[in-house]
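>>> Provided below are the primary sequence and the corresponding predicted coordinates.
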Amino acid sequence: MTGAKFGETAFETLLCDRPATGVARIILNRPGAMNAYSFTMTQELQAAINAFRDDDALGALILTGAGDRAFCTGGDISGSHPEHSAAVAAAPMGHGREMREGMQAVVLALRRLDKPSIAMLRGYAVAGGLALACACDFRFAAASARLGDTSNKVGLLPDEGGAWLFPRLMGLDRALKMTLLSEIYDAATAAGLGLVTEVCADADLEGRVLEFAGALATRAPLAVRLSKTMMMRAGQINLEDSLIDAQHAVMIANPSADVREGIKAFREKRSPRFEGR
């Protein structure tokens, strides 16, 4: 599965397409299981995200779930893969290794992307599914969507990255309340808590997300990738180090053909034609 261009690989648990110029879409395709993730899905997600990352013709990623019932409801605890579960339980540190090589690796792959990603949410985005959505840069939710962390309800943990992601989006006290009480919120409430970027009428969601992703894909690729990298790092470093990052980044961006084209287009009062160089 590695090394393929985006959309070239046929997956067991995902659908991948290019719904607009410069836009990639990954669809979690287990609607019968409310798009709960299996270990196979986590491996395929890593391959698909990496293919998007390496395809210079693509500037924005949409991550969504098949059907209207759920974006993703977290890990599959239905017992539908008993052989895998038995192997994990029998291996020394098996559960930790499964998390490290599974959904944790997916969350890291999304957070490390230097291109923008958008989670398009219908139905339930809960537990690890909410962590997956929060690993994206933007979250657009249908008005009927429901978001929350139900991990503790069955004695599980926010171990896919939620313990780090949730407090950074909604504050520690609200994140603790959501997780410890297994709360689920409607989309408007989730937006007020900082979990959702924008709420759309159900019928308008896909069109709005495609419009937004398409707009992102038209921006200067170098500027987008460098700006995102700078902002992602800025939350982990001090101002002085962030300014040093900016000094390094401008040595790449300012001499680029895209900047020359952008300035020329501004002076000629037309839209720029960026090529990512």
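Yes, it's here.
>>> Show me which positions of stretch 114-127 end up buried.
Residues 115-127 are the ones in stretch 114-127 that count as buried (16 or more other C-beta atoms under 10 Å). Bear in mind the C-beta positions are built from the backbone N, C-alpha and C, glycine included.
>>> Let's see the distance spanning it from one end to the other.
Using C-alpha to C-alpha, to the nearest Å, one end of stretch 114-127 lies 25 Å from the other.
>>> Reformat the buried residues of stretch 114-127 as JSON lines; add distance to Ala135.
JSON lines is the format used below for the buried residues of stretch 114-127 (distance: C-beta to C-beta, whole Å):
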{"residue": "Lys115", "distance to Ala135": "14"}
{"residue": "Pro116", "distance to Ala135": "13"}
{"residue": "Ser117", "distance to Ala135": "8"}
{"residue": "Ile118", "distance to Ala135": "12"}
{"residue": "Ala119", "distance to Ala135": "8"}
{"residue": "Met120", "distance to Ala135": "14"}
{"residue": "Leu121", "distance to Ala135": "13"}
{"residue": "Arg122", "distance to Ala135": "18"}
{"residue": "Gly123", "distance to Ala135": "18"}
{"residue": "Tyr124", "distance to Ala135": "17"}
{"residue": "Ala125", "distance to Ala135": "12"}
{"residue": "Val126", "distance to Ala135": "15"}
{"residue": "Ala127", "distance to Ala135": "13"}
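>>> List just the nearest of the residues you listed to Leu63.
Ala119 (5.2 Å; C-beta to C-beta).
>>> so after the helix or strand bottoming out on mean pLDDT in the chain, what's the next helix or strand?
Least confident helix or strand, the chain: helix 82-90 with a mean of 63, by mean pLDDT, DSSP states H and E. Using DSSP states H and E, the next helix or strand after helix 82-90 towards the C-terminus is helix 94-101.
>>> how far is that following helix from where the chain is centred?
When distances are taken as C-alpha atoms, centre = their mean, to the nearest Å, helix 94-101 is centred 21 Å away from the chain's centroid.
>>> What ranges does the protein have for its helices?
With helices called from DSSP state H, the chain shows them at 39-54, 82-90, 94-101, 103-112, 128-134, 162-170, 172-180, 187-193, 205-217, 221-234, 239-253, 257-267.
>>> Show me the contact partners of the longest one.
Counting by C-beta atoms under 8 Å, 6 or more residues apart in numbering, helix 39-54 makes contact with 1-2, 4-9, 11-14, 16, 24, 26, 28, 30, 37, 58, 61, 81, 84, 98, 101-103, 105-106, 109-110, 113-115, all of which sit outside it.
>>> Can I have the buried ones of these as a PyMOL selection?
A single PyMOL command suffices to select whichever of those are buried according to 16+ other C-beta under 10 Å:
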select buried, resi 4+6+7+9+11+13+14+16+24+26+28+30+37+58+61+98+102+103+105+106+109+110+113+115
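>>> closest one to Cys72 among the helices of the chain?
Between those, helix 128-134 lies closest to Cys72; by C-beta to C-beta that is 3.0 Å.
>>> what is the mean pLDDT for that closest one?
The pLDDT scores in helix 128-134 average 98.
>>> One more: stretch 249-268?
Over the span of stretch 249-268, the pLDDT mean works out to 94.
>>> What's the end-to-end length of that stretch?
End-to-end distance of stretch 249-268 (C-alpha to C-alpha): 27 Å.
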